[in-house]
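Trainee: sharing a model prediction with you, sequence too.
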Amino acid sequence: MVEDNELNREIAQFILEHTGITVVNAENGKEAVEIFKASEQGEFDFILMDVMMPVMDGLEATRIIRKMERPDAVQIPIFAMTANAFSDDRKRCKEAGMTEHLAKPLNSEKMIAKLRLYYNRKV
């Protein structure tokens with residue numbers, strides 16, 4: 001999960017861990033790219049990516065991950081997490097390579113429902 005806001009990170013982590021998901025945190029897009037790059041092929045099942053962050057935003061981080069030369073970089077579901085829920089915002093997320101859009105504040109039921117569409121293990 002990539003989220004620069006500590007409270008938002010804690011809320012999302014609580015929701016995810018309550019369903020049995022192990023969470024690895026990054027506080028900005030640059031850190032997320034470095035973690036993904038250093039990970040083993042298939043180590044992560046999905047990425048929750050905040051869009052607006054310092055250092056590197058989620059759109060740029062997603063573009064970089066998608067261009068990596070490894071199969072999981074293209075296949076991994078990347079969920080945008082953002083308060084910007086207008087159609088233009090959703091379009092920018094899709095164009096960057098994000099799979100889905102989750103509006104903030106996060107609704108736990110909606111988030112889990114979206115994850116179930118892509119997550120192979122029981123959520």
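Mentor: On my side now, so go ahead. Residues are numbered from 1 along each chain as shown.
Trainee: identify the bridge partners of the residue nearest the centre of the chain.
Mentor: Ranked by distance to the mean C-alpha position of the chain (CA atoms, centre = their mean), the top residue is Leu48 at 1.7 Å. Counting by DSSP bridges, Leu48 is bridged to Phe79.
Trainee: quick one: pLDDT of it?
Mentor: pLDDT recorded at Leu48 is 96.
Trainee: in the chain, what secondary structure element scores lowest on mean pLDDT?
Mentor: Within the chain, no helix or strand scores below helix 108-118, which has a mean of 88 by mean pLDDT, DSSP states H and E.
Trainee: dump that one to PDB, restricted to CA.
Mentor: The C-alpha atoms that make up helix 108-118 are tabulated as PDB, following Å, rounded to 0.1, in the frame of the first residue of the first chain:
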ATOM      1  CA  SER A 108     -14.400  -0.900   3.600                       C
ATOM      2  CA  GLU A 109     -17.200  -2.900   1.900                       C
ATOM      3  CA  LYS A 110     -16.600  -1.400  -1.500                       C
ATOM      4  CA  MET A 111     -12.800  -1.800  -1.200                       C
ATOM      5  CA  ILE A 112     -13.000  -5.400  -0.300                       C
ATOM      6  CA  ALA A 113     -15.600  -6.000  -3.100                       C
ATOM      7  CA  LYS A 114     -13.100  -4.500  -5.600                       C
ATOM      8  CA  LEU A 115     -10.200  -6.500  -4.300                       C
ATOM      9  CA  ARG A 116     -12.200  -9.700  -4.600                       C
ATOM     10  CA  LEU A 117     -12.400  -9.200  -8.300                       C
ATOM     11  CA  TYR A 118      -8.700  -9.500  -8.600                       C
END
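Trainee: and the top helix by length along the chain, C-alpha only, in PDB?
Mentor: Across the chain, the longest stretch assigned as helix under DSSP state H is helix 6-18. Provided in PDB are the C-alpha atoms of helix 6-18 (Å, rounded to 0.1, in the frame of the first residue of the first chain):
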ATOM      1  CA  GLU A   6      -0.500   8.300   8.200                       C
ATOM      2  CA  LEU A   7      -4.200   8.200   9.200                       C
ATOM      3  CA  ASN A   8      -5.400   7.000   5.800                       C
ATOM      4  CA  ARG A   9      -2.600   4.400   5.800                       C
ATOM      5  CA  GLU A  10      -3.700   3.100   9.300                       C
ATOM      6  CA  ILE A  11      -7.300   2.900   8.200                       C
ATOM      7  CA  ALA A  12      -6.600   1.000   5.000                       C
ATOM      8  CA  GLN A  13      -4.100  -1.300   6.800                       C
ATOM      9  CA  PHE A  14      -6.700  -2.100   9.500                       C
ATOM     10  CA  ILE A  15      -9.300  -3.000   6.900                       C
ATOM     11  CA  LEU A  16      -6.800  -5.200   4.900                       C
ATOM     12  CA  GLU A  17      -5.300  -6.900   7.900                       C
ATOM     13  CA  HIS A  18      -8.800  -7.600   9.300                       C
END
